[in-house]
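Colleague: next come a sequence and a model predicted from it.
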Amino acid sequence: MYVSKTGLAVIAAAYVAVPLLLGSNNYVMSLIVAAMIIGGIALAWALLGNLGGMVSFGHSAFFGVGAYVSALLTMKAGMPIFAAMLLGGVGAVVASLVMLPVLRLKGPYFALAILAYAHIFKIIATEWSSVTGGSAGLASVPRFPELMGFDLSGKTGSYLIILTVLLAFVAAYRAIRASHYGIALRAMHDSEDATRVVGVNSTLLKALMLFVSAFMTGVVGAFNVHYINFLEPDYAFSGLWVTLPIVAAIFGGYRTILGPLVGAVTVYLVDQLIFKSLIPSGHQLVLGALLVAMIIFSPGGLMPLLRKDSRRKHAAA
Amino acid sequence: MSELILQALYSGVLQGGSYALIALGLALVFGTMKVINLAHGELVLLAAYMAYMVESKLGLSPLFAIPLALVLVCTCAVLVYFLVSLIRKDRELNSLILTYGIGIILTNAVLLIWSADVRSTSSAWFQDAVVVGPFYSMRSELLFFVVASVLMAGLWWWLSRSWYGRAVRAVSSNRDAAKLMGINPRTTEIVSFVVAGILASFAGVAIFSYGVIQPAFGHALTVKAFIITVLAGIGSIPGVMVGGLLLGIAEALTVTLASSALQELVGMALFLLVLFLMPNGLFGAKARRG
Amino acid sequence: MDWNCIIRSKLKLAALALSLTAGVASAEELLVGAEIPLTGSLARVGSGMNEGISVAVEVFNKTNGKHTIKVITADDESAPAKAIAAVEKLAGQGVVAITGGYGSNNIGPASDAANKLGLPYITSGGVDDSLTERGIKTFFRINNTAGYRKAMVGLLADMKVKSASVIYSTKEATADLAKDVQKELTATGMTVGMHAFDPAITDFKPIINKIRLQDKSEVILMAGYENDYVGILRAAKVLKPDVKAMIGVWSLATPKMVADFPDLMPSVYGTALLPFPAEFKSADGKLFADAYKKLYNKEPDYLGQFGYVQSMILFEAIARAADKGTLKKGGVAEELAKTDRETLIGRVRFNDKGDNINFVHRMGQHQNGKIAIVWPSDAATGKMNFPGVPW
């Protein structure tokens, strides 16, 4: 796969420079890790929107299922964390299977049906207390292990794990988009009828994208539970895992691959470091306003907007 | 046991009345514009907080808040409309995200202005028990059930008799044909948003009078309203009324026959079941025609 | 605010240093972190606790004379990841311990983070037993589910009732408490009906009706939050089940409920530390009440009292550690473990898990627009109005 020189430089900086420069500052590292968790969901959400043409308000369902599966597998079956995290993603895919009937429906039906799923999963997690610990949740979920003397459960270790996970997602996303499935999917986005004529089964393709998106979100949920070491239904299926990723993806540009990640880091850090101090008790208001402004002025996100801007400047010069 | 079930049915019907009132606004806008206004619940909440203001600051009955709520909520509804109409492409999906954003703005504005405290009416008159045979309710519940019924009946009449009402129905069934017949879709769209605002105003004051309000409450109302819209099928006003009652009754019966912990589950399950088995809704087949 | 806060604290420190070099040279300003939800779902209870913390600073600095405490506050937005970030931010600013926290799901990760950074963590905001079962040596809390259970069960014993129905929210703290109470009551041979409800529920009439027609219990116990109580009591006022008492837990026997819902409250019971209007008999209590009035110009509530007690205990431990010179060597946690002191919430002593073994809540009853403490008898300020219901 082709990776540009700037891309390599950014990856190298992310792996080496960030831990070296900021690794000792726990607070900043926490913010970055939290932003990357949001970024991971935002990426998965945007993939579903970009390739599948679907808007979801219920990604917290996948996030929560991934977290519960991974936490329970490590706690009750003693499974190694990284294997459990992958199975957390698989669990989210299984959870998404029940959503298949809704795929035939267009527009708002899918978006809100998936929200209903998130609610249902939350109630199940609360009521099925013999397995999930009920509303009290699961405490002391295993943390990341030591690897060759390096403690992965620390801030820098956790950062490196989520960074690797995100890079893998980006690579997978690129591969899918470049494959003929991706091309068909993007064509479908423009005209579903056209693809049907060409002989692409659009519902099957949409389903595949839903699985990929669910898997990614589930893995991120699993990462989060081993990072936070605590899980309860309210938290696992919180609206938190819906709002911020949507804002991040829309802000960064949901038709691009890196947009959601850049958006997540920008939005999260700006929100935490600036908005929070300006409006202590209602800073989410700014996020809502941002969402509204983006949809009206630049539904393609900030990245395309910047590109357009620079092109205009070039033209002027 | 029968006494229990009768009361559950009664409670469900009363609750369903205001569910239907909220859902009707959502369904109407969806009908004319193919837009689900995810900030609809927040509009209802705004009206409820107007009632709180009128009661706590002016010392008047929450009923006096209705004119104030009408002005504010309808203005907001029209604002939502203008924002939505600014969307240039892919309106069906982008409007979801847009109105979701508006919902976030309104929720946090309410939080900033009125704080996170739980609010409800302190008027004893509203909460007094009204007993009709084996049926128990608060006076406010009965009062607003009557108000909701009258409003919905009026709306039905208006939609089927008046020129505007017919225009709204025409646009919702076939936009292009309606245009050819000289109906300006923009006007009917605004009208549908305003009507949704009117219904939301009454619903909000009702909720404050018999229930408890909190800033985060709006989202749950939107979800309930959407569930009912799906149950009903798009474009069917009587369907929405029946859908509201159905949800109210299903919830109350779940509490009575099973566990109150599962109350929220039943609405969601009903919603998905209808989506899977009859995506046009229980009453949507008729509306789909044409 | 964060940077402002730091700059302001730096300026204050500088000013203090200047004034001190001129005067007494031994005093030093000790930094303590407060990690509390000021926004999000727990904003209301968080701000209540925050008021108590501020009052504790005021009282401590006025009475101690030798040490000065300065609190830096960080909002955790009622979210675990942000609670961790808040603790780490505070640690970066050089605090010696953390006070605060609300909700076990925030307290758990936050106190874990504090433990890793070697900072003691004291709270009154999470009653889940899993918090103390972790065996963290730097974690302390002054209240627990057991204390609430003892109060509810004790009150029922005084009432000599044989049956009860419990209506409880499926949220963590309320569900835990309800199940604990059920276990204890059935062990004493009582009949207990359990009714869990989803936090989103608004119409409680079907539940109350089940109790009225099926359970036919003598009392109704409620484990919920303000909105739930209002809904339950309204439903009960409509259906008028034949019970002798309506008993709740936190957030019910409070001045706020008296003011907001006067017609729903008569004869209703809830946990309360102090009667309302508050009468403070101890010197500590008077100091607290005066400082609270001065800072907030309103009646102190239970959140403020808990926040005050947890912070006072912490500040005193810090002062002792500073005297011994063990501040940076884990001295604060050692001193906290040795705590044995009479407080506004009774005597506080920690076991080796950091739990306050003496914690027993008191039960108050709404009586004529006031709140009287009716259980336990040695703390009672009024006679129980039993049987009695709001209708």
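Modeller: Alright, I've got the coordinates.
Colleague: now the strands: where do they sit in the stretch 51-200 of chain A?
Modeller: In the stretch 51-200 of chain A, the strands defined using DSSP state E, counting those that start in this stretch lie at A:138-139, A:146-147, A:150-151.
Colleague: tell me the most buried of these?
Modeller: When these are scored by mean count of other CB atoms under 10 Å in any protein chain shown, the highest mean neighbour count falls to strand A:138-139 (a mean of 22). For the C-beta atoms, the positions are set from N, CA and C on the backbone; glycine is no exception.
Colleague: before we move on, the earlier item: adding distance to residue B:227 and mean pLDDT, write the strands of the stretch 51-200 of chain A out as CSV.
Modeller: Formatted as CSV, the strands of the stretch 51-200 of chain A follow (distance: least, CB to CB, whole Å; pLDDT from 0 to 100):
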stretch, distance to residue B:227, mean pLDDT
strand A:138-139, 30, 84
strand A:146-147, 48, 86
strand A:150-151, 47, 84
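Colleague: strands along chain B, start to end?
Modeller: B:129-132, B:135-138 (DSSP state E).
Colleague: with respect to chain C, which of the strands of the stretch 51-200 of chain A lies nearest?
Modeller: Counting by CB to the nearest CB, chain C lies closest to strand A:138-139 out of these; the figure is 3.7 Å.
Colleague: ok, and what's touching that closest one?
Modeller: Strand A:138-139 has contacts (CB atoms under 8 Å, 6 or more residues apart in numbering or on different chains) with A:71-72, A:75, A:132, A:229-232, C:104, C:108, C:128, C:130-131, C:133-134.
Colleague: what strands flank it, and is each parallel or antiparallel?
Modeller: Under the criterion DSSP bridges, strand A:138-139 sits next to strand A:230-231 (antiparallel) in its sheet.
Colleague: related to what we said a few turns ago, go through the strands of chain B and name the closest to chain C.
Modeller: The closest of those to chain C is strand B:129-132. By CB to the nearest CB, the value is 4.3 Å.
Colleague: on that earlier part again, okay, the strands of chain B in a markdown table with mean neighbour count, mean pLDDT and distance to residue C:82 next?
Modeller: Compiled in a markdown table, these are given as follows (neighbours: other CB atoms under 10 Å in any protein chain shown; pLDDT from 0 to 100; distance: least, CB to CB, whole Å):
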| stretch | mean neighbour count | mean pLDDT | distance to residue C:82 |
| --- | --- | --- | --- |
| strand B:129-132 | 12 | 92 | 45 |
| strand B:135-138 | 21 | 92 | 40 |
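Colleague: these: which one's closest to residue C:91?
Modeller: With CB to CB, the closest approach to residue C:91 among the strands of chain B belongs to strand B:135-138: 51.7 Å.
Colleague: with just CA atoms, put the closest one into CSV.
Modeller: The C-alpha trace of strand B:135-138 is given here as CSV (Å, rounded to 0.1, in the frame of the first residue of the first chain):
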residue,chain,number,x,y,z
PHE,B,135,-60.3,4.7,37.2
TYR,B,136,-57.8,6.9,39.0
SER,B,137,-55.9,9.9,37.6
MET,B,138,-54.6,13.3,38.3
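Colleague: next one: it to chain centre, how far?
Modeller: Relative to its parent chain, strand B:135-138 has a centroid offset of 22 Å by CA atoms, centre = their mean, to the nearest Å.
Colleague: run through who's touching that strand.
Modeller: The set of residues external to strand B:135-138 that reach it, using CB under 8 Å, 6+ apart, is B:6-7, B:10-11, B:14, B:126-130, B:210, C:205, C:209, C:234, C:238-239.
Colleague: which single one of those is nearest to residue B:165?
Modeller: residue B:14 (27.4 Å).
Colleague: and the closest one, how many residues sit next to it?
Modeller: Burial of residue B:14 is recorded as 25 neighbouring residues (other CB atoms under 10 Å in any protein chain shown).
Colleague: kindly report the same for residue C:377.
Modeller: Residue C:377 has 10 neighbours, counted by other CB under 10 Å.
Colleague: for the one 3 residues further on, same thing?
Modeller: Residue crowding around residue C:380 was assessed by other CB under 10 Å; the count is 18.
Colleague: shaky segments in the stretch 51-200 of chain B?
Modeller: By pLDDT under 70, the stretch 51-200 of chain B has no low-scoring segment.
Colleague: flag every residue of it that's near chain A.
Modeller: Proximity of the stretch 51-200 of chain B to chain A, by CB under 8 Å from any CB of the partner chain, involves residues B:83, B:86-90, B:92-94, B:96-98, B:100-109, B:111-112, B:115.
Colleague: restricted to helices, list the residues you listed.
Modeller: B:83, B:92-94, B:96-98, B:100-109, B:111-112 (DSSP state H).
Colleague: just the buried members of those?
Modeller: Buried by 16 or more other CB atoms under 10 Å in any protein chain shown: B:83, B:92-94, B:96-98, B:100-109, B:111, out of these.
Colleague: give me the most central residue, chain A.
Modeller: Taking CA atoms, centre = their mean, the centroid of chain A lies closest to residue A:41, which sits 0.9 Å from it.
Colleague: show me the shaky parts of the chain.
Modeller: You didn't pick a chain, so chain A it is. A:1, A:188-200, A:303-305, A:307-317.
Colleague: I was after chain C.
Modeller: Ranges of chain C meeting pLDDT under 70: C:1-27.
Colleague: since that was my last question, I'll sign off now.
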